[in-house]
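Enquirer: build me a structure from this.
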Amino acid sequence: QVQLVESGGGLVQPGGSLRLSCAASGSIFSIYARGWYRQAPGKQRELVAKITPGGSTNYADSVKGRFTISRDNAKNTMYLQMNSLKPEDTAVYYCNTHGRATIGAPPYDYWGQGTQVTVSS
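Expert: Numbers count the residues shown, from 1 in each chain. Below you'll find the model as predicted:
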């Protein structure tokens, strides 16, 4: 079973930066992708950025050029560096792993508990 724990959220002024971390523990047979999602009040959860085991990344248009997803395999940790933050980036940010727990298991989405990011002056 995979456990994901996010950290690094908080209150920041517009134009500021934050780095989110997602520490993973537990075993998983295979990972298809890991990513960051966010959900603002009254809105659906949306993809922010994701990274494949091969290192390919993709980003939501709204964060391209401002956010960077990365990982440290030795630490089993994924990061989201967020620069030039805007009030519209305010949301709860969730860490996700999409993969198979065992060789015969169907693909499954594992989620962290979320971390609040608030961009406000």
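Enquirer: return the distance of the residue of the chain positioned farthest from its centre relative to G26.
Expert: Farthest-out residue of the chain from its mean C-alpha position, per C-alpha atoms, centre = their mean: G104, at 26.4 Å. The gap separating G104 from G26 is 18 Å, by C-beta to C-beta, to the nearest Å. C-beta: built from backbone N, CA, C; applies to glycine.
Enquirer: cool, and Q13?
Expert: Counting by C-beta to C-beta, the gap from Q13 to G26 is 36 Å.
Enquirer: L4 too?
Expert: As judged by C-beta to C-beta, L4 and G26 stand 9 Å apart.
Enquirer: the two: which is more packed in?
Expert: L4 (20 against 12; other C-beta atoms under 10 Å).
Enquirer: quick one: contacts for the nearest residue to K43 once chain neighbours are set aside?
Expert: Counting by C-beta to C-beta, 6 or more residues apart in numbering, A91 is the residue found nearest to K43 once chain neighbours are left out, at 7.9 Å. If you count contacts by C-beta atoms under 8 Å, 6 or more residues apart in numbering, A91 has them with 38-40, 43, 116-117.
Enquirer: got JSON lines for those residues, with distance to L85, neighbour count and secondary structure too?
Expert: Formatted as JSON lines, those follow (distance: C-beta to C-beta, whole Å; neighbours: other C-beta atoms under 10 Å; DSSP: H, G, I helix; E, B strand; the rest coil):
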{"residue": "R38", "distance to L85": "12", "neighbour count": "23", "secondary structure": "strand"}
{"residue": "Q39", "distance to L85": "17", "neighbour count": "14", "secondary structure": "strand"}
{"residue": "A40", "distance to L85": "14", "neighbour count": "14", "secondary structure": "coil"}
{"residue": "K43", "distance to L85": "17", "neighbour count": "9", "secondary structure": "coil"}
{"residue": "Q116", "distance to L85": "13", "neighbour count": "12", "secondary structure": "strand"}
{"residue": "V117", "distance to L85": "8", "neighbour count": "22", "secondary structure": "strand"}
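Enquirer: okay, now S56: neighbour count?
Expert: Number of residues near S56 (other C-beta under 10 Å) recorded here: 9.
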